[in-house]
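Novice: Give me a 3D structure for the following:
(one chain, ligands or ions: 1)
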Amino acid sequence: MITVELIQAAQGDSIWIEYGETIDSLHRILIDGGTNATYKTLKKRIEALPPFARHFDLLVITHIDADHIAGVLKLFEDTTLGLTFSDIWFNGYKHLSNTTARGVKQAEKLTTYLEQNNIPWNRAFQGKSVCIPKNNKPLILTLDGGMELTLFSPTRKALAKLKPKWTKELIKSGLLPGPSALSHVEPTQSTRAPRTLLPDVESLARTSFKSDTSLTNGSSIAFLASYDDKKMLFSGDAYATTLLDSIKKYLPKCEPLYLDLFKVPHHGSDCNISKQLLEHIRCNKYLISANGAYHHHPDDVAIAKIITYGGHMSNIYFNYISDYNQIWKDQELQKNHCYHAHYPKKEDTSITINL
Ligand SMILES: [Zn+2]
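Specialist: Got it, this is the predicted structure:
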C-alpha cells in the first residue's frame, strides 16, 4: 500500500508518504516541511503516531526556499517530538561544489543543527551532494521496505550556479533577514476578483513555454519513487527541462514514462510545466500544492496544459480550495475537457491519494 498526503503548506510543499505491506509495518518519507505555520499541522500529524513509530526512512529538503524548509527547521527545534530519520537529503552550502567551505554561518541553521546533533545526512551519497552523477546514468537508491528512488534533479551545474548567489537567495527565501523575508509573514489565502467567465482552455494550453530561472528552484531535489509496481514523480520546484532530460536518460528509447502520480513542480507555475514534459509522461493523477498566496499559484496556463496534454480523464488534486484554483471545479469545464478536479474537505488539512 502507498499513501501520499499533500499537506496544506500555504504557498509551499510538505508531502507525507507512507508505504508498506501492512498497516503495522509502514515506512515513511517526508518531503519538505512547508512554511513556519505548516509546523503545527506536521506536529499534530506526528503526535498522532505512537512514539516508536515517529521514524522516517527519509526526509528530503528539496531546496532552500522558505516555503519548503522553514517548517522543517521548526520541527527540528521541537525536541518533544522524538523524531528519528534513517537519512536526510539536503544540499547545504558545502554541497554546492563539494568543498568543505562554509557559507553564511548564521544562515545555515539546518546545517548547524544536523552537524551538532550528529544526524545522518546525505548518507546515501556518502555525505556528498545530492545530485545527478557526472556519468549521467540514472542513480537508483533503495530505502528500507523496498522503495526505489531515482534522482531526476538537480544537476551538478545547477548546484554550482547557486553557490555565488547563496546569501542573496537565502535573503530572498526569508532565511536571512532582508527586505523580502517571506517567512516572517504567514500568509493566509490571497484573494482575487470573482471570475465570471470560464477560462479558454485551448488557447491557454497553446501559450508558449518560458522556463523558470530561479536558481534555488533549479537546485531542487526531484526523484522518481517506485514501489509495488507503482511509480510517482516528486519534483520539488524543479525545472521542466531538467525533469524532461532525466526522463529521456531514464528511458533512452524515447518511450513515455508511465506514472501513477505526479507532484507538479513549483506549485503549478506555468514556468515549470511544459507541453513537451507532459507529452513524455503518461499519468492520470496530478498533485498541486498551493494556497495561492504571494505567487497566485497555480497558474491557469499550467492547469490548461495538464488538462490538454496530460492525458484523457486526468485527475487533478489540489490541497486547498482558493481563488486561484476553484474555477477548475466547474462541472461544465470538467465535462467539456474530460478531467476531474479534487479538493480537500473544509475541515481537512491535507488531501490524500491512495495508490
Ligand atoms: Zn516552492
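Novice: give me the low-pLDDT residue ranges for the stretch 151-300 of the chain?
Specialist: 173-194, 196 (pLDDT under 70).
Novice: Point out the residues in it that sit beside the ion.
Specialist: Those residues of the stretch 151-300 of the chain that sit near the ion, judged by Cβ under 5 Å from the ion, are Asp237. Quick note: C-beta positions are derived from backbone N, CA and C, even for glycine.
Novice: Where do the strands of the stretch 151-300 of the chain begin and end?
Specialist: For the stretch 151-300 of the chain, applying DSSP state E, counting those that start in this stretch gives strands covering 222-227, 230-234, 257-258, 261-263, 281-282, 285-288.
Novice: could you dump the ones you listed to TSV with mean neighbour count?
Specialist: Shown next, in TSV, are the strands of the stretch 151-300 of the chain (neighbours: other Cβ atoms under 10 Å):
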stretch	mean neighbour count
strand 222-227	23
strand 230-234	22
strand 257-258	16
strand 261-263	24
strand 281-282	16
strand 285-288	25
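Novice: Excluding residues flanking it in the chain, which one is nearest Val201?
Specialist: Ala304 (4.7 Å; Cβ to Cβ, 6 or more residues apart in numbering).
Novice: cool, Tyr309 as well?
Specialist: Closest to Tyr309 by Cβ to Cβ, 6+ apart is Leu278, at 3.9 Å.
Novice: And that neighbour, how close does it get to Thr22?
Specialist: Distance, Leu278 to Thr22, by Cβ to Cβ, to the nearest Å: 35 Å.
Novice: So the two - more neighbours on which side?
Specialist: Leu278 (26 against 7; other Cβ atoms under 10 Å).
Novice: And the helices in this structure?
Specialist: 38-47, 66-77, 109-116, 156-162, 166-173, 201-205, 215-218, 240-250, 275-279, 300-309, 331-337 (DSSP state H).
Novice: okay if I get these as TSV plus distance to Lys346?
Specialist: Formatted as TSV, the helices of the chain follow (distance: least, Cβ to Cβ, whole Å):
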stretch	distance to Lys346
helix 38-47	15
helix 66-77	22
helix 109-116	34
helix 156-162	39
helix 166-173	31
helix 201-205	27
helix 215-218	31
helix 240-250	33
helix 275-279	31
helix 300-309	22
helix 331-337	19
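Novice: how about those, which one is nearest Asp323?
Specialist: helix 300-309 (11.9 Å; Cβ to Cβ).
Novice: Now do the contacts for Asp57.
Specialist: Residues near Asp57 by Cβ atoms under 8 Å, 6 or more residues apart in numbering: 27-29, 85-87, 143-145, 147.
Novice: Format those residues as TSV; extra columns: neighbour count, distance to Trp328 and pLDDT.
Specialist: Below are the contacts of Asp57 laid out as TSV (neighbours: other Cβ atoms under 10 Å; distance: Cβ to Cβ, whole Å; pLDDT from 0 to 100):
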residue	neighbour count	distance to Trp328	pLDDT
His27	20	33	97
Arg28	23	30	97
Ile29	25	28	98
Phe85	19	36	93
Ser86	17	38	94
Asp87	20	37	95
Leu143	20	34	96
Asp144	12	38	94
Gly145	15	35	94
Met147	21	31	97
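Novice: closest to Thr3 among those?
Specialist: Of these, the one sitting nearest to Thr3 (Cβ to Cβ) turns out to be Arg28, at 9.8 Å.
Novice: Show the contacting residues for the nearest residue to that closest one once chain neighbours are set aside.
Specialist: Spatially, and ignoring its direct neighbours in sequence, Arg28 is nearest to Phe56 (4.7 Å; Cβ to Cβ, 6+ apart). Each residue near Phe56 by Cβ under 8 Å, 6+ apart is listed here: 28-30, 83-86.
Novice: what separates Phe56 from the ion, distance-wise?
Specialist: 20 Å (Cβ to the ion, to the nearest Å).
Novice: give me every residue that touches the residue nearest to the spatial centre of the chain.
Specialist: Residue closest to the mean C-alpha point of the chain, counted by Cα atoms, centre = their mean, is Gly236 at 3.0 Å. Applying Cβ under 8 Å, 6+ apart to Gly236 gives the contacts 13, 31-32, 62-63, 68, 153, 217, 220-222, 265-266.
Novice: Could you single out the nearest of the residues you listed to Leu49?
Specialist: Among those, and counting by Cβ to Cβ, the member closest to Leu49 is Ile31, at 17.4 Å.
Novice: The closest one reaches Ile15, doesn't it?
Specialist: Yes: shown here, Ile31 and Ile15 form a contact pair, counting by Cβ atoms under 8 Å, at 4.2 Å.
Novice: Give me the common contacts of these two.
Specialist: When contacts are counted by Cβ under 8 Å, 6+ apart, Ile31 and Ile15 are jointly contacted by Phe234.
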